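*Asks:* Got a predicted structure here, sequence first:
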Amino acid sequence: MNACPVCGGGVNLPINAVLSELLDCGECSSELEVISLEPVRFAEAPLEAEDWGE
Amino acid sequence: MIRASIVGASGYAGGELLRLLLAHPEIELAQVTSERLAGKSVGRAHPNLRGVTSLQFSSLESLEPCDVLFLCLPHGEAVERFEQFSSLAERIIDSSADFRLQSASLYAKYYGKEHPRPQELGEFVYGIPEIHRDKIRDARRVACGGCNATASILGLYPLYRENLVELDRTVIEVKVGSSEAGRRATSTSHHPERSGSVRAFAPTGHRHTAEIVQSLENGVPIEVHLTVTSVEMVRGAVATSHVFLNRDMSERDLWGVFRAAYRDEPFIRLIKERQGSYRYPDPKLLAGTNFCDVGFERDRDSSRVVVISAIDNLMKGSAGQAVQCMNLMLGLDETTGLSFPGLHPL
Amino acid sequence: MIRASIVGASGYAGGELLRLLLAHPEIELAQVTSERLAGKSVGRAHPNLRGVTSLQFSSLESLEPCDVLFLCLPHGEAVERFEQFSSLAERIIDSSADFRLQSASLYAKYYGKEHPRPQELGEFVYGIPEIHRDKIRDARRVACGGCNATASILGLYPLYRENLVELDRTVIEVKVGSSEAGRRATSTSHHPERSGSVRAFAPTGHRHTAEIVQSLENGVPIEVHLTVTSVEMVRGAVATSHVFLNRDMSERDLWGVFRAAYRDEPFIRLIKERQGSYRYPDPKLLAGTNFCDVGFERDRDSSRVVVISAIDNLMKGSAGQAVQCMNLMLGLDETTGLSFPGLHPL
């Protein structure tokens, strides 16, 4: 099980995952990008900050 | 089947307990009492149960022995009739505040009068399974936590049990719905006055402070500063707690602390997400469920962590928690009869 | 008559300003702009004004000189077009956050980018009359306080100006309505998701922290811990602030502190009562008024004082405050056009 960089939770990699593929962490719903396959590593995909108004 | 009875079943919490026990596979509901509605059908007080049961309310005198006796009386009444109740059932689960505090002095301070039966205080286990599971399993007497206290305690417990916060700086504000004040209509609960209001219902001195202190203290005295505000909501309680870390911790460290405390808990969900409309716990999603959703946010500009913990005050804050304790006391699967996942949208 | 125009008049704050200026005895409303609705009647965006005015929205290019120019644009736009606006009117009142902070470094920290025109920052006076009345009277440029900031500042100002509280322990939680997020519909503002929710909308890092710090600092750096929670409400903002006294003070002493600060203020009411349904400030009563109601409660078990301060986010938190500043800048009676006492029941 590979660790999410944001919350440390387990992220299971889809079988035929490719580099720079995007997936969500199951625990903190951060969007992650596959930045390496050997070993598996993720980086947090840039999230355009949603403006929640005033 | 296990025979259970409810004393004071015409109130909102009593009605919720009735709903749960009617659907509980291991329970046969014996008697449900209400002095005011004795002889009337339970549907009179609980319209959702019409056509679901033909049970009628009975009076206290007619109460017969049973296996588990639930007490849902206004504060102060269970302790007065304790003699009668303790002779009727092997196990008693009390939802009132009468036996929640372990020390008579703490009770006197917060309830403004001496506890009528201090010797019984030690008999009752404080009923929050996530914190006292083993003790509850072996207990004959359980006093369930109050709703504001339960929401606050479950949010803060992971940080307090690892001594990670300053012990006198915690500020807690609980937002609550109108069902928490119970069934009795007053001038302030009159719809034109209550609807849409945001009311500082108890800015200071709320009694649940004592339960929070009692549950979170870890050998060293602590101080929590509680405020309760009522908002436009019927069911629901959400505690926003502000704690100040006593060491530097990253977001990931904090995730680890909450996971360590609650990973295997069936009724606690860690809710902290970066997308969607429900990124932090929101009581709106929890009506009718026994969940306590817990989330947090680390303040980048200070040592503050804001912990958000939400429940349905009538479920995890009362009836659901009582059934969860009962399941433990009877050696049943803890989640029996408590699997409803909640409605969305609602 | 004094000619006034509004830039960005199709939003909620712009519409509220329109309503106030239409009824203002000394003001002739010249132009109200909206790129999206240029040429359309103002009733299209503000249904309450149908039959009240035949005014139509105009576009920015067609903006002509006037005496007072109100800017109600989304953050970041007023500063971009500052050249054009400053040439059009002797007096400018901006409701956005672009010119509220006096220091460019504070702006960069909270808005995540360099301020495009730092040299203009000193030109603007921060627009809360109860705190900067004289400066506003003489000002040509005013930046009105944000709604959360205004509610928080007005609650805390009496205690901070007399240095009565610990400077790093204050915790503020503002409960806000949905109109604060503005007119743009999003998935989170969709009624089935928003109705009845209690949402930790900004647990930490809310931008208004900077304005609160700037207004309350009294020569010594201070720290405030702000959280914003949205509740079931359209208009309204109420700040519940927890401060810790640095000396022993009785309830009477505290009454004296708040009276000293606000005795003669036309728009501040001290609300702390022992009876009735509205014992502490409640935004429900303030819709459409320019009042900020302030109340407090002394915690008998600690040095904490809970201060409750409520406003209508579109009035004292925006349009009403802008008109109040305008009245001061034009030498008019400060309450002109702002006497509506609110509705009850609502």
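*Replies:* Perfect, thanks for sending it.
*Asks:* Check chain A for its longest strand and report it.
*Replies:* Ranked by residue count under DSSP state E, the longest strand found in chain A is strand A:31-36.
*Asks:* Quick one: check that one for contact with chain B.
*Replies:* Yes: counting by C-beta under 8 Å from any C-beta of the partner chain, chain B has neighbours in strand A:31-36: A:Glu31. Bear in mind the C-beta positions are built from the backbone N, C-alpha and C, glycine included.
*Asks:* pLDDT of that strand, averaged?
*Replies:* Here strand A:31-36 scores 93 as its mean pLDDT.
*Asks:* Now do the buried residues in that strand.
*Replies:* A:31-34 (16 or more other C-beta atoms under 10 Å in any protein chain shown).
*Asks:* repeat for stretch B:248-268
*Replies:* B:249, B:251-252, B:254-259, B:261-262, B:265, B:267-268.
*Asks:* repeat for stretch B:77-85
*Replies:* For stretch B:77-85, by 16+ other C-beta under 10 Å, it's B:78-79, B:82, B:85.
*Asks:* And it, how far out from the chain middle?
*Replies:* 21 Å (C-alpha atoms, centre = their mean, to the nearest Å).
*Asks:* can you check stretch B:269-280 too?
*Replies:* Distance, centroid of stretch B:269-280 to centroid of chain: 23 Å (C-alpha atoms, centre = their mean).
*Asks:* name the element the closest residue to chain A within the stretch 151-300 of chain B belongs to?
*Replies:* At 3.8 Å from chain A, B:Glu273 is the closest residue in the stretch 151-300 of chain B, using C-beta to the nearest C-beta. Under the criterion DSSP states H and E, no helix or strand holds B:Glu273.
*Asks:* Would you confirm that it contacts A:Gly26?
*Replies:* No: proximity of B:Glu273 to A:Gly26 does not meet the contact threshold set by C-beta atoms under 8 Å, at 10.5 Å.
*Asks:* Mind checking which of the two has more residues around it?
*Replies:* Neighbour count, other C-beta atoms under 10 Å in any protein chain shown: between B:Glu273 and A:Gly26, B:Glu273 has more, with 18 against 12.
*Asks:* list the contacts for the most centrally placed residue in chain A?
*Replies:* Nearest to the mean C-alpha position of chain A, counting by C-alpha atoms, centre = their mean, stands A:Leu32 at 1.8 Å. A:Leu32 is in contact with A:4-6, A:11, A:22-25, A:42-45, counting by C-beta atoms under 8 Å, 6 or more residues apart in numbering or on different chains.
*Asks:* swap the cut-off to 7 Å and go again
*Replies:* A:4, A:11, A:23, A:25, A:42, A:44-45 (C-beta atoms under 7 Å, 6 or more residues apart in numbering or on different chains).
*Asks:* And B:Tyr111, by the same measure?
*Replies:* Contacts of B:Tyr111 (C-beta under 7 Å, 6+ apart): B:Arg207.
*Asks:* Just the pLDDT at it, thanks.
*Replies:* 84.
*Asks:* burial measure for the residue nearest to A:Asn2 when sequence neighbours are not counted, as a count.
*Replies:* Spatial nearest neighbour of A:Asn2, excluding adjacent residues (C-beta to C-beta, 6 or more residues apart in numbering or on different chains): A:Val40 at 4.5 Å. Neighbours of A:Val40 under the rule other C-beta under 10 Å: 15.
*Asks:* Test my guess that A:Val40 contacts A:Cys4.
*Replies:* No: at 11.4 Å, A:Val40 does not count as touching A:Cys4 under the criterion of C-beta atoms under 7 Å.
*Asks:* Please, where are all the helices along the stretch 51-200 of chain B?
*Replies:* With helices called from DSSP state H, counting those that start in this stretch, the stretch 51-200 of chain B shows them at B:77-80, B:82-86, B:104-111, B:118-121, B:129-138, B:147-161, B:191-194.
*Asks:* which one of the ones you listed has the most crowded surroundings?
*Replies:* helix B:147-161 (a mean of 26; mean count of other C-beta atoms under 10 Å in any protein chain shown).
*Asks:* Could you find the closest non-adjacent residue to residue 24?
*Replies:* Since no chain was named, I'll use chain A. Per C-beta to C-beta, 6+ apart, closest to A:Asp24 is A:Glu31, 5.8 Å.
*Asks:* Switch to chain B, please.
*Replies:* In space, and not counting its chain neighbours, B:His24 is closest to B:Gly337: 3.8 Å by C-beta to C-beta, 6+ apart.
*Asks:* try B:Arg81
*Replies:* B:Leu60 (7.6 Å).
*Asks:* Quick check: pLDDT value at that neighbour.
*Replies:* Value listed for B:Leu60 in the pLDDT field: 94.
*Asks:* number of nearby residues for B:Arg117?
*Replies:* B:Arg117, neighbours per other C-beta under 10 Å, totals 15.
*Asks:* does it really touch B:Val79, like I thought?
*Replies:* Yes: judged on C-beta under 7 Å, B:Arg117 makes contact with B:Val79 at a distance of 5.5 Å.
*Asks:* Do any residues in stretch B:239-258 lie close to chain C?
*Replies:* Yes: residues of stretch B:239-258 contacting chain C under C-beta under 7 Å from any C-beta of the partner chain: B:240, B:242.
*Asks:* before we move on, back to that, the longest strand of chain A: partners in the sheet, and parallel or antiparallel?
*Replies:* strand A:22-24 (antiparallel), strand A:41-44 (antiparallel) (DSSP bridges).
*Asks:* Redo these as JSON lines? Include mean pLDDT and mean neighbour count.
*Replies:* Formatted as JSON lines, the strands paired with strand A:31-36 follow (pLDDT from 0 to 100; neighbours: other C-beta atoms under 10 Å in any protein chain shown):
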{"stretch": "strand A:22-24", "mean pLDDT": "91", "mean neighbour count": "14"}
{"stretch": "strand A:41-44", "mean pLDDT": "92", "mean neighbour count": "16"}
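*Asks:* For B:Gly182, which of those strands is the nearest?
*Replies:* Proximity to B:Gly182 (C-beta to C-beta) singles out strand A:22-24 among these, at 42.2 Å.
*Asks:* so how far is the closest one from its chain's centroid?
*Replies:* 5 Å.
*Asks:* try stretch A:9-16
*Replies:* That offset, for stretch A:9-16, works out to 9 Å (C-alpha atoms, centre = their mean).
*Asks:* Just the buried residues of that stretch, please?
*Replies:* For stretch A:9-16, the neighbour count (16+ other C-beta under 10 Å) marks A:9, A:11 as buried.
*Asks:* Quick one: residues in contact with that stretch.
*Replies:* A:1-4, A:23, A:25-28, A:32, A:40, A:42, B:255.
*Asks:* In contact with B:Arg194: list those residues for me.
*Replies:* By C-beta under 7 Å, 6+ apart, B:Arg194 lies in contact with B:178, B:188.
*Asks:* One more: B:Leu18?
*Replies:* Going by C-beta under 7 Å, 6+ apart, the list of residues near B:Leu18 reads B:6, B:9, B:32, B:42, B:46, B:49.
*Asks:* Distance of the third one relative to chain A?
*Replies:* Looking back up the chat, that one is B:Val32. Counting by C-beta to the nearest C-beta, to the nearest Å, the gap from B:Val32 to chain A is 42 Å.
*Asks:* How about the secondary structure of that residue?
*Replies:* strand (DSSP: H, G, I helix; E, B strand; the rest coil).
*Asks:* Which pLDDT does the model give it?
*Replies:* 98.
*Asks:* now swap in the second one and tell me
*Replies:* For B:Ala9, the model assigns a pLDDT of 97.
*Asks:* what's the closest non-adjacent residue to it?
*Replies:* B:Val32 (3.7 Å).
*Asks:* OK, contacts around the one you found?
*Replies:* For B:Val32, the contact set (C-beta under 7 Å, 6+ apart) comprises B:5-6, B:9, B:18, B:42, B:55, B:57.
*Asks:* Make CSV out of those residues and add secondary structure.
*Replies:* Listed next are those as CSV, based on three-state DSSP:
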residue, secondary structure
B:Ser5, strand
B:Ile6, strand
B:Ala9, coil
B:Leu18, helix
B:Val42, helix
B:Leu55, coil
B:Phe57, strand
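*Asks:* circling back to that earlier point, got the contacts of A:Leu32 as JSON lines, with distance to C:Ala319 columns?
*Replies:* Converted to JSON lines, the contacts of A:Leu32 look like this (distance: C-beta to C-beta, whole Å):
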{"residue": "A:Cys4", "distance to C:Ala319": "45"}
{"residue": "A:Val11", "distance to C:Ala319": "48"}
{"residue": "A:Leu23", "distance to C:Ala319": "46"}
{"residue": "A:Cys25", "distance to C:Ala319": "43"}
{"residue": "A:Phe42", "distance to C:Ala319": "47"}
{"residue": "A:Glu44", "distance to C:Ala319": "40"}
{"residue": "A:Ala45", "distance to C:Ala319": "40"}
